[in-house]
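*Asks:* structure here, sequence nowhere to be found:
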Ligand SMILES: Nc1ncnc2c1ncn2[C@@H]1O[C@H](COP(=O)(O)OP(=O)(O)OP(=O)(O)O)[C@@H](O)[C@H]1O
Ligand SMILES: [Mg+2]
């Protein structure tokens, strides 16, 4: 294991105790990631946890209001990670093994097509030929995913007296699934917004087409958070 920690608060009550955040990751996992980066000819200098990277991304783009609780739901291809940020600090995280692949697999199963074709349909690259089944498949997985998110939030809220979540920010490629944002908002009764990690990031329109950047923004939550880090910072 690689282990790292950060002291979160100093001992204000003279009890000789303090809050410490501890992160432990299997060396194998770290090696897999660093090898990919090295093979691409790059030199990794900082390793971070995706939910912390998202928290840093939020910090530069969405200033926190004291006492405001946010939930971040990062919906990738195989994993959805949920974290609750209370007054700027992550106090709860959970990962569920669900994501974009489930949508694609369900479309694939219902329409009896290849994964590749299903993926193209899901992302709107292929004109919808059987839009009813497509919509049905997307809705059923969206409902399952939303249910899992709601269960996690209820679990957190149940164990933490008087807490509530004011807003859910969704990110990751699968936050772009058609109708997911509205469905999640409806089923959780909490406002749901798709994050824009470039909200407060200055970009040069000569180098980055603003429309393209807007379209791709949800993919870059973790990446922008990582980009806020520097070698040997804390
Ligand atoms: N326009 C779109 N509509 C629906 N789904 C999309 C769209 N664009 C990308 N996706 C899906 O988003 C997923 C990839 O998102 P992302 O890049 O956040 O995942 P990842 O970080 O690679 O995965 P993980 O975090 O699970 O390891 C894929 O399942 C892809 O099909
Ligand atoms: Mg991801």
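*Replies:* Arrived safely, thanks for sending. This is a predicted model, so every value here is computed, not measured. Residues are numbered from 1 along each chain as shown. Ligands and ions are numbered 1, 2, ... in the order given.
*Asks:* check which helix or strand the residue nearest in space to the middle of the chain maps to.
*Replies:* For the chain, the residue whose C-alpha lies nearest the mean C-alpha position (C-alpha atoms, centre = their mean) is residue 74; its distance is 1.7 Å. Assigned by DSSP states H and E, residue 74 belongs to strand 69-75.
*Asks:* where does the closest residue to residue 27 other than its chain neighbours land on pLDDT?
*Replies:* Nearest non-adjacent residue to residue 27, counting by C-beta to C-beta, 6 or more residues apart in numbering: residue 2, 5.9 Å away. Every residue, glycine included, has its C-beta placed from N, CA and C. Looking at residue 2, its pLDDT reads 93.
*Asks:* same deal with residue 226?
*Replies:* pLDDT, residue 226: 94.
*Asks:* helix, strand or coil for residue 3?
*Replies:* strand (DSSP: H, G, I helix; E, B strand; the rest coil).
*Asks:* list the buried residues of the longest helix seen in the chain.
*Replies:* Criterion DSSP state H: the longest helix present in the chain is helix 131-159. Residues of helix 131-159 classed as buried by neighbour count (16 or more other C-beta atoms under 10 Å): 133-134, 137-139, 141-142, 145-146, 148-150, 152-153, 156-157.
*Asks:* which other helices and strands contact that helix?
*Replies:* Secondary-structure packing of helix 131-159 (3 or more C-beta pairs under 8 Å, 6 or more residues apart in numbering; DSSP states H and E): strand 69-75, strand 80-86, strand 89-96, helix 100-111, helix 115-122, helix 180-188.
*Asks:* what strand or helix carries the residue nearest to residue 1 when sequence neighbours are not counted?
*Replies:* Distances taken as C-beta to C-beta, 6+ apart place residue 24 nearest to residue 1, at 4.8 Å, with adjacent residues excluded. Assigned by DSSP H and E, residue 24 belongs to strand 19-25.
*Asks:* before we move on, what about residue 58?
*Replies:* Using DSSP H and E, residue 58 falls in helix 50-61.
*Asks:* which residues are contacting that helix?
*Replies:* Helix 50-61 has contacts (C-beta atoms under 8 Å, 6 or more residues apart in numbering) with 48, 64, 70, 72, 74, 81, 83, 85, 88, 90, 93, 169, 171, 195-201, 221-226, 228-229.
*Asks:* contacting residues around residue 69?
*Replies:* 84-87, 163-166.
*Asks:* a markdown table for these, including pLDDT and distance to residue 59?
*Replies:* A markdown table is the format used below for the contacts of residue 69 (pLDDT from 0 to 100; distance: C-beta to C-beta, whole Å):
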| residue | pLDDT | distance to residue 59 |
| --- | --- | --- |
| 84 | 90 | 15 |
| 85 | 86 | 9 |
| 86 | 81 | 14 |
| 87 | 74 | 12 |
| 163 | 78 | 20 |
| 164 | 86 | 21 |
| 165 | 92 | 18 |
| 166 | 92 | 17 |
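*Asks:* hey, which of the helices and strands packed on helix 131-159 is tucked in deepest?
*Replies:* strand 69-75 (a mean of 24; mean count of other C-beta atoms under 10 Å).
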